[in-house]
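**Q** quick one, what's the 3D model for this:
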Amino acid sequence: MPEHDRRARTAASGFAIGLLLCAGAAPPVAAQDFSADVSRLQRAKPEFARRQQELLAARYDLGDRPVPGVTMSGGKPIQGGVRVRLAADVTWERLAGMTPEQIKLADRWPTGFLPLPHPHHEVGGMVFPQTLIDETLRHTGRDLTRFDLDFDLPQHFLPEFPAPIYLTTRPDLGDVSRGKLITLDNYYETFHEILNPKQLDGLRLLVTPFPQAQFNATADRRSLKPHLGVSCFDCHANGHTVAATHTVGDVRPNAYRHRVGTPTLRGLYLQRIFGSQRAMKTVEDFTEFEQRGAYFDGEPDQAQRKGVNILDRGNQVQAMAELQNILDLPPAPKLDILGRLDPSRATPSELRGQALFAGKAQCTACHAAPYYTDNQMHDLRVERFFTPRLINGRNASADGPIKTYPLRGIKDSPPYLHDDRLLTLDDVVEFFNLVLGLKLTAQEKLDIVAFLRVL
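**A** Predicted coordinates for the structure are as follows:
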C-alpha cells in the first residue's frame, strides 16, 4: 500500500473512533476484558445511582399518595398532587405573575420543569423498571437487569403492570390479556382464536427478542450473560408502556441527547406522527427504524457488530404494524361518541374542567376532541424560563419541536412529557399554566385535572 494511502486510512480510522467516543459510544471491543469491565462498572454503579436519587429528591416530592377513588383502567391507584418542588421563597401564584424573563433572571424556574436526565446520562441506553425485569425473567428466563445501572423512578409513579389490552376489532371482549404479561411463551394460546393469522404473526414478532445495544452477545453488552436481546413488548408491555427509558439516537453530542420515555401503543391507529421529534409518517417506518437504529443507540456500526435484525418490509414490518394499529384506547364511560363529557355522568368539577380545557386554558389549540391531539408538532420554547446548564451529564437547554401526544387514556400513562419530567397530571397543569401564561386559579387547576382523569 502506498505510504500516503496508509496514512489517510489511519487518520480516517482515528477520526471515526474519536467521533464514537465523543458520542458516548465504545470502539470495537474484540480484545476487551469483559470481566474487568463488569467489575469496573459495578463499582461505579452506586455513585451514579446516588447522584440520580439525590436529583430526584431535590426536584420532586416522591411520596406515595394516591388519589382516593381514582384508578387506571386495570385498577392501579393514580398519584395526585403537584410533586415538583419550589424554592422556599416562591409560590405557584407568584411564579404565574412573573414574565419568562423575570423567572429566568431570578433563577426561579422549578428544577422539576427542567429536562430530566437519564439515570446515567453519560452512558444512556435501555433501562427497565424492576417489575418488568422480574416478570420477564419468570416467564421467559431472559434477565433484563443491567449490571451497571438501575431504573430510577419509584414504582407508584409508573403505569400499571401488566396493563389491560383492548382491541378495536373485538371491543366486546374487554381486556383480552386476561391479566397476563403477554410474551413469546403465551401469545399463541392467548390470541390464536382472537387475531387473524397476519395479526398473530405481527404479535409474534413484537414479543420476539432481538439483539439490542445493551442486551446482546458481544463483550460490550450490559447484561452479565450473553443475551437474546429485547422485544418491542418489553418496553411496550401488553401494547402499552412500562415507562422504560432510553436516550435518543438522533442527537449529538451525548450531553444533548434527550432522555426519552416509552409512549403507549394504545390508539396508534389515530396518530400520524411517530417518534417524539423524528416526525416519521407511518408506523411501518418507525417499526423498521426502531430495529435498525434505536435498538443500537443510533449507531450503525453497533447494529452490524451486535446482530441487527433486518425485517422484511412487505411482510414482517407490515404484520407488526397491523397488530399495533388494532390496539385500542381504554374505556372512557363518561365520554360521548364525540369525545365530550356526557352531562348525566360527569361531576360538576369535570364539567368545569372541560369548559376550561376548551376555553381559558387553551388546551384544545393542540388537543382537540375526540382523541385530544392535532397530530402536529409544537415548540414550547421552555428555554425562555431558564439559563442552560449541565445536570448529571444532561445539557438542559432547548427541547425543540415535540409531537402532540393524544390525551385519551392519559391517566394510564404516567409520567408525562417526552422525557418523563412531570410525575402527575397536577404537575402537567402547573407546567402549562406557566408555559402558556394562563393564570389559572387553584380551583381551575383542580377542575382541569379532574377532566383529564376521565378522558
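**Q** so what touches the strand ranked longest in the chain?
**A** For the chain, the strand with the greatest residue count under DSSP state E is strand 66-71. Here strand 66-71 makes contact (C-beta atoms under 8 Å, 6 or more residues apart in numbering) with Pro77, Ile78, Gln79, Gly80, His156, Lys411, Arg453. Just so you know, the C-beta spots here come from the backbone N, C-alpha and C atoms, and that holds for glycine as well.
**Q** end to end, how far does stretch 170-190 reach?
**A** 14 Å (C-alpha to C-alpha, to the nearest Å).
**Q** check the offset of that stretch from the chain's centre.
**A** 23 Å (C-alpha atoms, centre = their mean, to the nearest Å).
**Q** swap in stretch 385-396?
**A** 20 Å.
**Q** any idea of the mean pLDDT for it?
**A** The predicted model assigns stretch 385-396 a mean pLDDT of 97.
**Q** pull up the gap between Arg178 and Trp109, please.
**A** 46 Å (C-beta to C-beta, to the nearest Å).
**Q** and these two? Which one has more around it.
**A** Trp109 (23 against 13; other C-beta atoms under 10 Å).
**Q** look up how far Arg394 lies from the more buried one.
**A** On the measure of C-beta to C-beta, Trp109 and Arg394 end up 15 Å apart.
**Q** what's the burial count for Arg421?
**A** There are 23 residues near Arg421, going by other C-beta under 10 Å.
**Q** quick one: contacts for the residue nearest the centre of the chain?
**A** In the chain, the centroid-proximal residue (C-alpha atoms, centre = their mean) is Gly261; its distance is 1.6 Å. By C-beta under 8 Å, 6+ apart, Gly261 lies in contact with Thr241, Ala243, Thr245, Pro415, Leu417, His418, Asp419, Asp420.
**Q** let me know the closest of these to Pro162.
**A** Thr241 (11.4 Å; C-beta to C-beta).
**Q** can you verify the closest one is assigned to a strand?
**A** No - applying DSSP: H, G, I helix; E, B strand; the rest coil, one finds Thr241 to be coil, outside a strand.
**Q** surely it meets Asp234?
**A** No - assessed by C-beta atoms under 8 Å, Thr241 is found out of contact with Asp234, at 10.8 Å.
**Q** if we can go back for a sec, mind giving me the PyMOL select for the contacts of strand 66-71, buried ones only?
**A** To isolate the buried members of the contacts of strand 66-71 in PyMOL, using 16 or more other C-beta atoms under 10 Å:
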select buried, resi 77+78+79+80+156+411+453
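**Q** tell me which two in the contacts of strand 66-71 are the farthest apart.
**A** Top of the distance list for these (C-beta to C-beta): His156 and Arg453, 16.3 Å.
**Q** check what pLDDT Ala294 gets.
**A** Per the predicted model, pLDDT is 81 at Ala294.
**Q** longest helix in the protein, by residue count?
**A** As assigned by DSSP state H, the longest helix anywhere in the chain is helix 34-59.
**Q** check which residues of it are buried.
**A** Asp37, Leu41, Lys45, Phe48, Gln52, Leu55, Leu56, Arg59.
**Q** contacting residues for Glu284?
**A** So Glu284 contacts Arg313, Val317, Gln318, Ala321 (C-beta under 8 Å, 6+ apart).
**Q** pLDDT check: weakest of those residues?
**A** Arg313 (90).
**Q** low-confidence regions, the stretch 1-150 of the chain specifically.
**A** Low-confidence segments of the stretch 1-150 of the chain, defined by pLDDT under 70: 1-32.
**Q** what sits against the residue lying closest to Leu158 once chain neighbours are set aside?
**A** Computed as C-beta to C-beta, 6 or more residues apart in numbering, the closest residue to Leu158 that is not its neighbour in sequence is Ala243, at 4.6 Å. By C-beta under 8 Å, 6+ apart, Ala243 lies in contact with Pro129, Leu153, Leu158, Pro159, Gly261, Thr262, Pro414, Pro415, Asp420.
**Q** what sits against Lys82?
**A** To be clear, residue 82 is Val; Lys isn't right here. Counting by C-beta under 8 Å, 6+ apart, Val82 touches Trp92, Thr424, Asp426, Asp427, Glu430.
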